[in-house]
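Colleague: Here is a sequence together with a model predicted from it:
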Amino acid sequence: MDMPILLVDQAAPVDVDWMSELEQRTKNRLPIIPLWLRSKTYALSVIRWQANHAAYVVAYHATRSPKYAAKLAARSPQGAAKVARGLVVWTFDLEGKPIRQQVAATKDGDIYLRMTRAHDKRVKNRLIISLSAAVVLALGAILLMGTDPSYDQWLALGGLVALLGRIGTPADRQVFDRAVIPTQVQKLTSDLVLRALGALGVAELNKAVGKGSNGINFPTPIVRDGPGWRADIDLPFGVTATDIMEKRVRLASALRRPLGCVWPEPAMHIHPGRVVIWVGDQDMNKAKRPAWPYAKTGQIDVFKPIPFGTDQRGREIAIPLIYRNMLIGAMPGFGKTFALRVLLLGAALDPSCELRVFELKGTGDLKSLSKVAHHYASGAKDSTIEACVVSLREVYKDLEKRADTIDGLPEDVCPENKVTADLAAQKSLGLHPLVVAVDECQELFAHEEFGAEAEKLCTAIIKRGRALGIILLLATQRPDKDSMPTGVSGNVLVRFCLKVAGQTENDMVLGTSAYKNGIRATVFTDADLGIGYLLGVSTEARITRGYYIDNPAAGLIADRARALRIAAGTLSGQSAGDLPTPKAEISFDLVADVLAVVPASEEKQWNSVIIDRLAVLRPDVYGPWADQADDAKTAQLTAALKPYGIQAGQVFKTVDGKGSNRRGITRTHLVEAAPKRIRVVR
Ligand SMILES: Nc1ncnc2c1ncn2[C@@H]1O[C@H](COP(=O)(O)OP(=O)(O)OP(=O)(O)O)[C@@H](O)[C@H]1O
């Protein structure tokens, strides 16, 4: 049976999808306002570059002007001879000589006669012009010889010599040296880009470059974009932007630029084969650090994005905190705390925003925030972690309350079921923005006793808090699954990843598949402090350098924030001096503790001795017991052990050779009571 033949390539599309075609064209549209004119700072930086470039070239040639003058002077006699030769040729119409000879050879007397007459007439006219000019020049020269030459005359002479020198310059020689342009002020050209792409060792690229750039297209011209050059490139079929990003080091080598200047980025919204190569004039980590716009003055509204940093091109990047939460991750010492501090100071400058700040490293890097924070604690101790959990419990309770409040609001007041700026402004509703920040949060989640509870609380807060005005900011130097619960990391919206060691950490901070999609914070070098990939703020990942605010500067900003809060009457909690550090509910197991301090070798022990030992074991719990007089100490332990059915009795002991009888306990009673023991929480 004959198989029907199916034509796979049809002559014309049967059904043209107009919408998608139009959509495709929209993507390739060039911007009406050139990129560099979109912002004042941007435009200024381009103008500065052009001025810098022009000044460089002018200065380069100005310093070589004596050399150029000498060259022109030396070549001027040849130029003069060339001019004289040209004049003779013109005057006597010598260019026409070969034609006249040809006509003479044809022996056509009539044409020859007409030509000779025309030639004679032309020569006569030209002789008159040339001789007159020569006489005028000679007379002028004689006149000038008698006078002192003026500045203008010298200038004219210089100009004449220069002109003759230029004319006398052989065609294969130059007057001006070629300015050796340093790479910072070198233009990025398509030739340079093609050469660099051809040097990456990607077979498809090599083939394309070998064929004379066939297959590599520049959909838009290479333009100045901020303090650098931007080339948009369509790669050969099958080559992706990620392939280029992986070879960033080779690309920088091929472009002869420092690594920190070369930033290939994908443009996935167009197609995976479109790469944007941006080549900065300066290494990103050496570029001038712009000041945080609110460093000296200003108040912030957290319902609007908070300036966080700048991208490679110097464009400001702001993070909208409200309805978001954020995870910052990196290897130690790459700028997590600095990044967190920028956002916290931003939140602090909004007097309506409540702050709860826990820095679990204990270096005091966020200390400035204690001036404004409702809760602040710093340290790697268990007590700090407890304080953090206690604060999280409060936030969780508040979350429930806020949910009820929102639920109870009429639909026309709260149509979206979420906190709005208007609702947050109504103090009585208690829906003000609340920021909880935990630096080195791995200490919290990996904590033996509180880790599980912290995970539960943070997961709930991160999932439900957004709409309720509660923002969780977490920073960690150990972004692995043990220290960063997936319930938390999976629900984060804004992610900032500074340098990390490998794919796992990268994807833990930036989300699954980030590495595969070319968003790789492993590309940063050791010098790239404060520089990271920022996700969740715009459609594409942005390389961002956080604003640099050091501790003293942060202190001054916090002072301003405190003054704003005092004026607004919103200073609360610890910063207002109302509360001590949130006191952790302390849980302890008295029977186990007494057994721990009374070894099996001591069958009986006095209460007062036991309490002194307990105070060393847990100063927070038993310290106040030990501070009492002897009798009170004894009574305290007797009363505390009574609920376990342990009776104190008289215990005889000899101390320093002196025997005495005091109230104490028998260890066996404790061992018997142990199964019935309970954990006390206060
Ligand atoms: N935006 C920035 N620009 C320039 N340098 C920065 C920036 N952010 C941080 N740094 C530098 O990086 C150093 C380390 O920063 P930071 O203390 O925030 O790191 P970290 O990641 O929190 O460290 P650790 O893991 O030890 O807590 C700072 O001392 C600072 O000099």
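Modeller: Great, that's in hand.
Colleague: Can you tell me the number of residues neighbouring Ile129?
Modeller: By other Cβ atoms under 10 Å, the residues close to Ile129 number 11. Every C-beta, even on glycine, is put in place using the N, C-alpha and C of the backbone.
Colleague: That one: what's it in contact with?
Modeller: Contacts of Ile129 were listed using Cβ atoms under 8 Å, 6 or more residues apart in numbering, and they are Thr91.
Colleague: List the buried residues for the helix or strand harbouring it?
Modeller: Assessed by DSSP states H and E, Ile129 sits inside helix 109-145. For helix 109-145, a neighbour-count test (16 or more other Cβ atoms under 10 Å) marks Met115, His119, Val123, Ser130 as buried.
Colleague: Point out the least confident one among those.
Modeller: Within the set of the buried residues of helix 109-145, pLDDT is lowest for Met115 (83).
Colleague: That residue is in contact with Gln102, isn't it?
Modeller: No - using Cβ atoms under 8 Å, Met115 is not in contact with Gln102, being 10.2 Å away.
Colleague: tell me which parts of this protein are close to the ligand?
Modeller: 330, 332-338, 361, 365, 477, 529-530, 545-546, 548 (Cβ under 6 Å from any ligand atom).
Colleague: make it 8 Å
Modeller: With Cβ under 8 Å from any ligand atom as the criterion, the chain comes near the ligand at residues 285, 289, 309, 330-341, 361, 363, 365, 439-440, 475, 477, 498, 529-531, 545-548, 550.
Colleague: Out of those residues, which sit inside strands?
Modeller: Per DSSP state E, strands hold the following members of the residues of the chain next to the ligand: Gly309, Asp439, Ala475, Ile531, Arg545, Gly546.
Colleague: Which parts of the stretch 451-600 of the chain are helices?
Modeller: Remark: helices assigned in the stretch 451-600 of the chain by DSSP state H, counting those that start in this stretch are 451-464, 486-489, 503-510, 551-568, 590-597.
Colleague: what comes up buried for the fourth one?
Modeller: Spelled out, it's helix 551-568. Judged by neighbour count (16+ other Cβ under 10 Å), helix 551-568 contains these buried residues: Ala553, Ala554, Ile557, Ala558, Arg560, Ala561, Arg562, Leu564, Arg565.
Colleague: With the second one instead?
Modeller: When burial is assessed from 16+ other Cβ under 10 Å, helix 486-489 yields the following buried residues: Val488, Ser489.
Colleague: and whichever residue of the stretch 551-682 of the chain sits closest to the ligand, what does it touch?
Modeller: Of all residues in the stretch 551-682 of the chain, Asn551 sits closest to the ligand, at 9.4 Å by Cβ to the nearest ligand atom. For Asn551, the contacting residues are Asp365, Lys367, Ser368, by Cβ under 8 Å, 6+ apart.
Colleague: confidence score at it?
Modeller: pLDDT, read off for Asn551, is 91.
Colleague: Counting neighbours, what do you get for Ala287?
Modeller: Neighbour tally, Ala287, other Cβ under 10 Å: 19.
Colleague: just checking, it touches Cys261?
Modeller: No - with contacts counted by Cβ under 8 Å, Ala287 stays clear of Cys261, the gap being 9.5 Å.
Colleague: and for those two, which residues touch both?
Modeller: Common neighbours of Ala287 and Cys261 (criterion: Cβ under 8 Å, 6+ apart): Gly280.
Colleague: thinking again about what came up before, who wins for neighbours among the contacts of Asn551?
Modeller: Counting neighbours by other Cβ under 10 Å, the top entry in the contacts of Asn551 is Ser368, with 27 neighbours.
Colleague: residues contacting that residue?
Modeller: Counting by Cβ under 8 Å, 6+ apart, Ser368 has contacts Arg341, Leu345, Asn551, Ala554, Gly555, Ile557, Ala558.
Colleague: From Ile566, how far out is the fifth one?
Modeller: Separation of Gly555 from Ile566 (Cβ to Cβ, to the nearest Å): 16 Å.
Colleague: Kindly report the same for the second one.
Modeller: Counting by Cβ to Cβ, the gap between Leu345 and Ile566 amounts to 17 Å.
Colleague: Start from the N-terminal end of the stretch 101-250 of the chain and give the strands.
Modeller: Assigned by DSSP state E, counting those that start in this stretch, the stretch 101-250 of the chain shows strands spanning 223-224, 228-234.
Colleague: Of those strands, which is nearest Val537?
Modeller: Among the strands of the stretch 101-250 of the chain, the nearest to Val537 by Cβ to Cβ is strand 228-234 (20.2 Å).
Colleague: quick one, phi/psi of the closest residue to the ligand within the stretch 501-650 of the chain?
Modeller: Of all residues in the stretch 501-650 of the chain, the one sitting closest to the ligand is Gly530 (2.3 Å; Cβ to the nearest ligand atom). With angles defined as degrees, to the nearest 10, Gly530 sits at phi 80, psi 0.
Colleague: Contacts only, for it.
Modeller: Going by Cβ under 8 Å, 6+ apart, Gly530 touches Gly309, Phe334, Gly335, Phe338, Ala339, Leu498, Arg545, Gly546, Tyr548.
Colleague: Which residues are in contact with the fourth one?
Modeller: What it means is Phe338. So Phe338 contacts Gly530, Gly546, Tyr548, Ile549 (Cβ under 8 Å, 6+ apart).
Colleague: Look at it and report its pLDDT.
Modeller: In the prediction, the pLDDT value recorded for Phe338 is 96.
Colleague: now Ile470: how far from Val302?
Modeller: 12 Å.
Colleague: beta partners of Val655?
Modeller: Beta bridges link Val655 to Lys658 when assigned by DSSP bridges.
Colleague: Can you give me the domain assignment for the protein?
Modeller: Using automatic domain parsing, the domain ranges for the chain come out as 62-168, 182-280, 306-574, 587-681.
Colleague: Mean neighbour count, those domains: which tops it?
Modeller: Of all these, domain 306-574 has the most neighbours on average by mean count of other Cβ atoms under 10 Å, namely a mean of 20.
Colleague: distance between it and the chain's centre?
Modeller: Relative to the chain's own centre, domain 306-574 is displaced by 17 Å; criterion: Cα atoms, centre = their mean, to the nearest Å.
Colleague: same question, stretch 614-628
Modeller: Distance, centroid of stretch 614-628 to centroid of chain: 50 Å (Cα atoms, centre = their mean).
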